[in-house]
Structure formats: C-alpha cells, structure tokens
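Engineer: Predicted model, plus sequence, below.
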Amino acid sequence: MGARYFGAAVKRLEDPKLITGRGQYLDDIPMPGVLHVAVVRSPHAHALINAIDASMARGHAGVVAVLTADDLGEMARKPMPMMAPAPMVKTPLTQSPLAHGSVHYVGEAVALVVAESRAVAEDAAAMVMVDYDPLPAMVDLAHALNEGAAVANQALQSNLAGTLKGGFGDVAGVFAKAAHVFKESLSLHRGGCHAMECRGVMARPDPSGNRIDIWSSTQSPYMVRRALALCLGMDEASVRVTAPDVGGGFGPKAVVYAEDYAIPLAARHLGRALKWVEDRGEHFVATTQQRDQLWELEVAADAQGRMLGVRGHCLHDNGAYLPYGVVLPVTSMSSFPGPYALEALEISIDVIYTNMVPNTPVRGAGRPNTCFVLERLADRVARELGISREDVRRRSFVQVSQFPYETGMKARDGSPVSYDTGDYVQCLERAVDKFESDFKARQDKARAEGRYIGMGIASYVEDTGLAPYEGATIRVQPNGKVLLLTGAAAQGQGHKTVFAQIAADQLGITPQDITVEAGDTSLFPLGIGTIASRVAVTGGSSVHMAAVETRAKAIKVASQVLEAQEADLVLEGGFVKVSGTDRQVSLGQLALMLHGNFGQPLPAGIAPGLSATAFYEARQTTFANGTNLCEVEVDIETGAVKILRYVVAHDCGTLINPMLVDGQIRGGVVHGIGNALFERMIYDENGQPQTTNYGEYLLPLATEMPRIEIVHMESPSPRNPIGVKGAGEGGTIPAAACVISAIEDALSPFHVRLSSHPLSPQDLVKLIDQG
Amino acid sequence: MSELDHAQTTRHISVTVNGTVYESDVLTRTHLGDFLRQELGLTGTHLGCEHGVCGACTIILDGQPIRSCLMLAVQANGATIRTIEGLAQADGTLHPVQEAFWDKHGLQCGFCTPGMVTTLAAVLEADPTLDETTIREAISGNICRCTGYETIVDAALQAASRMRGDH
C-alpha cells in the first residue's frame, strides 16, 4: 500500500460549503424561539459595584429579563475555575460569570439583557443603571511592583501573581569566562486574536431541565462541556457542546469565558433558548489578548561570536485575571534556549496583575516573545563582533550531531526537554540559498541612491504536539462510506481534509469517501482542544492508529469471508481483494456483517462493528524549527516600511498536506508582521481602551503584505507514528523578530537600535532623528 | 418622537435578491446585512466588524460590491442584489472566483470568504484584466486573518484568467 493522499496537496473537503455561503457559524444556526442577549459591561477599569438598577431596562418593550449575578445564583457569582491551575500563584484570581461586587477591567461582564431581538437587547442594556465607585487602576507594568503602586484587585497585597524561574548550567561561571557580555532592554506587545468571526454562545435547555445543548464558537468544546457539567451539576452526557463552523481561533477562543457560563445559566433560569454573539467592539474588550512583556537581558558570547549564555528578567502583564493560569508566561519560559546550544541560562518572569483585559495565548503564545528577545541578542552579538548575523547563528545553534539534544530545561512533568530531530544549520542554509541575493551590493547601491533597504533574519524552535492526547474513531458504515469522529475540531486549519487523507491511504478509499465529524461532544467521548500546534501530532496520530486497526480488522474478517491468507489481501477502491484474483468483498459488506443481525452470532473472536477507536498520548514533545529571512525598504522621511521579500525555511517533520502547511505558514507570518508593524492595543492611564475598532487598531491588509516564499525541510519525528510536527504557529513565531532585524539593518547608517515592537512610522522617524 | 420610538418605524421595501423578488416591511434602523441574514435567511453574508472596515459583509448591489453593514435595508428599496448564495449557477456550477478559491486554498476558516468572493466577482466581472497589484487594491478593504492574502490573490489571478477566456 503506497501513500496516495498522505503528503499530497489534496483540495480541502471543507471548502464547497464555505465558498457557496452554506457554512454554518454560530450566528447562522437556525433556532426557533431563540431570545437574544446583550451584555452590560464595565465602563471602569477598577471599581466597586454599589447597586444595579435594572427597572427601566426591564420595563422596555421587548425585554424578557435583565439578569445580574444575584439573579442567577451562586454559580454566577463564584469565580470560574482556572483552566490550567497554577499552584505557584499565591492569590489566584479569575472572574465570575457575572461581576459580583467589583469589576477589574473595562469590558468585564456585569449583567445580561435578554430580549426578543439583539437590537432591543442593546437598547435596554444602555438603560441598566450600575452605580460604580471607581478605584485607582493599575496599568503601568514597569512600575507595578513599586512601593505604593495601585493594586489591580483589592484581594491583592501586591500586583505580583507569581514568579517563574528557569535555567540551567553555571551561569556565573559562563558569564565570568565569556569574551563578551552585552546587555539589552527589550519590550514587546502582541495584541488580540481578531478572528474574523467574533465569539458567540447559544444554549437551549431541555424543558425537563435535565439536559442542555450548548453551541460555542470555541477551540475547546470539551473544556466547555467539562466546565458546564461541573458548574451545573449535570452528567457530561446531558451537556452537549458543539463547536460549529468556527471563523478563526488563534488562541483566545480556547478559553472558557464568562459568557460560556452565563448564557447557559441564564437559559436554564429562563427555560428558553438564548443566543449571545460578540460584536467587534466587545471583542476588543472582552476577548483575551496578549499584551506587554518588558525584558532586561544579558548575553555572553565567546570571541568567535558563539552565544554561551543568557540571563535576565521579564515583567509580564497578565491583565486582571488568570483564566488560563500562567500558561502564557510559561510558554515564554519554555521557549528558551530556542535553537541555541547554550551552556547556561537563568530566566525569571514576574507575572503581573493589571486592570486590563486578561491575557492568554495568541497564536504562538509566549514563543514569539522569546524568539524576539533571543534574536535581538544574536543580532547584537553579530553587530558588536563585526560578523554576519548568519554566522552567529551557525556557530551558536544546536548542531546536527547533537540530536536528540537535551537543552538543560525541564518539561512540565520534570523530565528533561529533548529536541527530537532537525538540522538547524541546514535549514538556515536553505533560507540563505533561497534568498541568494547579492544583497550587500544592492544595499550599497540603494544607499548611494538615498534608499534604505535591509535584510532581516530570525530562527526559532517550537515545541509542538502538546500533551496529553486527542482521539479518533473510524467506523465503516454498511454503505461503504466511512465515518471519522474526533474531538479535535478546527477553526480553519483543514483537519477534516488531513484526517481523511491519513485514513484514506490505510483503508484503500478516497478522502471523499470519508465524513469527518469533529467538535460535537455527543459524537466522540473525550477531547482536549485545538491549541499549541498540537492536532496534527495528537489528532493525526490517533486517526492513523484507528485506521491501521480498522484495516487489520477488515483484513482479518475478509480472510474468513474470502477463504484467503491475510497476507494475500489488499485494500483497494473500497474493497478487500485477494491479490492477483477477482475475489473481493467490499468494506460495506464487511461492515454490514459486523453490524450484525437479529439472532445471528458474529464470527468467533470478532467484536461488533468494522471500527476502531484510538487515543494518541503525547508523552514526548516534537520540535519544529525554521529560519526566516526578509528584505525591507524604509522610507526615512515617512517611516513607512515596505516588505520586499520574505523567505521561510521550515521543518515541521513529515508533511501531510503541503498546500495546507504552506497556508498555515503564510497566515502565521502575516500575523507576525502585524505584530511587528501594526497591532497595538492601547490603554490610557485610567485603563480605558483607546483602540477599539479597525480604524484605530490596524490589521495587516492585502496591499501591504508580501508574497511568502517557502522552502520545506522534512526531519520526521520518531516520537509519533506518522513523523509529523506541528505547523500552526511556526510562521508567527519568528516573523516579528525577522522584520525588526531587517528594519534595524536598513537603518544602520543612522545607528538606529531597535528594542521593541510594534514600531509605527512615527516611532521610526523619531528614532532616525535621534540616531 | 424619541429615538426609541423611531426604533419601531417601519417602511415597505421591494428588493431582488439572487433573482427572487422580496417584499418586506422592515424597521428603518435595520441594516442591509441584518435584513439579508435575519429576514431572508441568507446567512452566507457575514458580519465581521459592523463598521465598514473588514469587508466580510460585502454583497453585490446593482453591480457594485458594497458593505451591507453600512447601508440600511430601506436604502436598498428597488435594488438588485447578489449574495454569496447567488454566485454559483442553478445547476451548482461554481463561479470562476469560487472555483479558484477552492483550487488555490484561498480560504481557511471561511468567515471572510463570502466578502472576498463577492468583491472579486464584482470587480473581475467589470474588468478581468486586473493584475496582482490592482487585485490587492481591490481587496484592501477585506480583512483575512488566516491566509496572509497570497492564496487569495492567486485565486483571483486564476479566476481573472478564466474569465478572460485564456483557457
């Protein structure tokens, strides 16, 4: 059996309905009798709630109810459980489904207005009178730990949620012996997810009160089910959560939100189906983001420019709460030492509470942050020593002979972090070869003409295939078509296509013969979620394992039916065939037989159903890597940056569908370019958000984005049965670092040093003037 | 009358959508996007920002690509509208732009896709000679967070070529 679909650029099974307007996103689901919800949100960054007067709103025509924390019982007032508990946090703060007594960021949900239409609900939301007593807001990350700083929550003594520490080696010794030590102060900001579909929740209670159906535009339907079954005291089988077509996720939709609790609670309270759809204004203030980190770092290097050690400290803004524990700063920590074979590392990260929207991972999570600071340090070493930026990386990378390479860091279970496979230098060379330019000559020529072009470089390693597991069921139906059920729903990645590709090869059918159902908790028992570039590894491996088992069963049963040796059987075109003969039995016939008939025993030793379920447990991490190069031109009069070329050399192990991997890379790179040049969520000194529409908060547009040239390397991972590594975030991780590196190179005649992103044209003009 | 009394004002409109004439009494404050989605059940038109920047809600009105979130339903009285649901032929044959989006992986999550496809269908029907630069300008009012735009541009170039009858 050869691979016909695995590895091929198969056109997506998802697309026919999406290109004809027949997709069904949350707000498209028909729901007779549904009532519409608008959320009353805090206008203050930090305040006490003295009283809520909803009488006027309740009296408004078309309003069915106005519900506060007091109306919905204890579960609406109780802080939501932290999705990833963090024992190191002394005062763990999460918000309640509806605010109770106080609010801690602008946008925090305070009350629900339920009405016959969304428009009426919004009219009445403006009539809910909340008496607030404002308190000082903490929005100054740099000074959050100073004596006398405003505290972000009255439950806190200090804004410090906790400190993460990591590292290895003899740090003092390495820095003492190093030929060079350089110090950098760096800061960065990442912004929001800005999925084109905002969030949304719909809930329909059963009239008996014993069941509830929930639809959520989420990356984690099983986490929503777990949370709601625990909250409502219901069996998991009685809480059905469906992620319908989801219009992008990018991390923040993995979180179980206040609305995921409040809407089902309110639906049960009223005995009515309810729907809340986040609008774009709400998305800016009520969907988690990833904002600032401030870093103080030192790098030690030898006389040849090999990086030996890094040490430093970070202040990490986590916003008003820790809905996802400290997962975000943990991913910054665990991304060290990147591709570099450091002898010593010492990092501490202070996780800080502020009065801004809570922070959770946005595409790449804390990894682009760590990539940015490491790449800035590598560029600094190159500049100071007068060697090329490529050479610093060639000399400092983990070398191919060192794999599997133990970095010195510890994984979450305490085991050593070990890079599985790759050739980081070779991957860099492929990027350099592709870029291939006489760049230096062109740069000199351009400068002579008064134009400033620069080349940027950034390299990264990404941990992918995050634990613990995903699973899949494959079931051949009597009509010969195959059902593939999994918990790993997609938000645009194309899971249906790649899962069908994997299964089709094993079963001797086409991807079109397979119906993939994902993200409906009533169809598959357990799941984790689509985050952290994990589903190709965990879901893909599960599909493979289930398909292999189903194939083995088909062969076993067919050998009895066809009276042939198992070794002589092949699966082809929907049949099990005796090789070299015309004897065959269809998969459908085998399935019909194994589904059974009244009174007829199944063949001895064969369990019912031509099907198998498998769970791939990710006990070891797979590590993707890559190097990006880009060329930019900076207009020194206006500060405008034009990206002229962008080259990605990328290694995510075995490719299942190169077209889809390229799509992930391109979208990821453009997200990173947005982080470098455009996206900034601004708050004023009172914690009032200043950028709450797409006129004020800029996203990358078609006119500004370059073509992304991609070179693949494939270093299969030995840590899963299909050799794959994740690809969802590898585009984003190095992109901002690469663009900033290029701008600095372009502006080197002005001695401009770049230490932060995003950088606006105004920022650049100022730096040029100061240079 | 107060602002909220105005919220109850209705007007009668007649619009032709995807070849069907619809007569309807609409609230004057209802925007065209909500009207198409809620009154006509044409949920293929998506609302991404409702302030006219993201372009997800783009439809073709009297031949022009317009943002259905920035126009009131009453303003569309008498207009002829095509939405994403009306681009393929009755027998299911896809519009060249739809076909090209599928061929070139021009979509991931699919949420911006109806606006992208309607925008490109309108501009390429008017002028199938657009090149990469002019195509990028044509979709500069449509935000996609997934693709990085390159495969959308490739899809548009393929569609343009087919619409010119190159092959």
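Structural biologist: Nice, I can see it.
Engineer: From now on I want contacts and neighbour counts done on CA atoms only, so please keep to that.
Structural biologist: Will do.
Engineer: How about chain B: which residue is closest to chain A?
Structural biologist: For chain B, the nearest residue to chain A under the criterion Cα to the nearest Cα is residue B:109, separated by 3.5 Å.
Engineer: How much space separates that residue from residue A:468?
Structural biologist: Noted for residue B:109: a distance of 25 Å to residue A:468, by Cα to Cα, to the nearest Å.
Engineer: Check residue B:50 too.
Structural biologist: Going from residue B:50 to residue A:468 by Cα to Cα gives 39 Å.
Engineer: The closest residue in space to residue A:627 that isn't next to it in sequence: helix or strand, and which one exactly?
Structural biologist: Setting aside the residues directly before and after it, residue A:627 is nearest to residue A:459 in space (Cα to Cα, 6 or more residues apart in numbering or on different chains), at 4.1 Å. With the criterion set as DSSP states H and E, the secondary-structure element containing residue A:459 is strand A:452-464.
Engineer: What strands flank that strand, and is each parallel or antiparallel?
Structural biologist: Next to strand A:452-464 in the sheet, as set by DSSP bridges, lie strand A:622-634 (antiparallel).
Engineer: Whichever helix or strand comes after the partner strand - contacts with which helices or strands?
Structural biologist: The C-terminal neighbour of strand A:622-634 among helices and strands, as given by DSSP H and E, is strand A:641-651. Using 3 or more Cα pairs under 8 Å, 6 or more residues apart in numbering or on different chains; DSSP states H and E as the contact criterion, the elements in contact with strand A:641-651 are helix A:424-435, strand A:622-634, strand A:708-713.
Engineer: Enumerate the positions of the first one that are buried.
Structural biologist: Judged by neighbour count using 16 or more other Cα atoms under 10 Å in any protein chain shown, the buried positions of helix A:424-435 are A:424-432, A:434-435.
Engineer: Turn those residues into TSV, including distance to chain B and pLDDT.
Structural biologist: As requested, those are arranged in TSV below (distance: Cα to the nearest Cα, whole Å; pLDDT from 0 to 100):
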residue	distance to chain B	pLDDT
A:424	25	98
A:425	27	98
A:426	26	98
A:427	23	98
A:428	23	98
A:429	25	98
A:430	22	98
A:431	19	98
A:432	22	97
A:434	19	97
A:435	19	96
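Engineer: and the strand or helix carrying residue A:173, what does it pack onto?
Structural biologist: Taking DSSP H and E as the criterion, residue A:173 maps to helix A:171-177. The elements that helix A:171-177 packs onto, with contact taken as 3+ Cα pairs under 8 Å, 6+ apart, are strand A:307-317, strand A:344-352.
Engineer: just so I have it, where are all the helices in the stretch 451-600 of chain A?
Structural biologist: Under the criterion DSSP state H, counting those that start in this stretch, helices of the stretch 451-600 of chain A are mapped to A:495-507, A:535-561, A:587-595.
Engineer: Most tightly packed of these?
Structural biologist: Stretch with highest mean neighbour count among the helices of the stretch 451-600 of chain A: helix A:495-507 (a mean of 26; mean count of other Cα atoms under 10 Å in any protein chain shown).
Engineer: Show the average pLDDT along stretch A:600-617.
Structural biologist: If you average the pLDDT over stretch A:600-617, you get 95.
Engineer: Give me the distance between the two termini of that stretch.
Structural biologist: Taking Cα to Cα, the span from the opening residue of stretch A:600-617 to its closing residue is 37 Å.
Engineer: thinking again about what came up before, compare residue B:50 and residue A:468 and say which is more crowded by neighbours.
Structural biologist: residue B:50 (21 against 15; other Cα atoms under 10 Å in any protein chain shown).
Engineer: Not counting residues beside it along the chain, what's closest to the more buried one?
Structural biologist: In space, residue B:50 comes closest to residue B:69 once its chain neighbours are excluded; the distance is 5.3 Å by Cα to Cα, 6+ apart.
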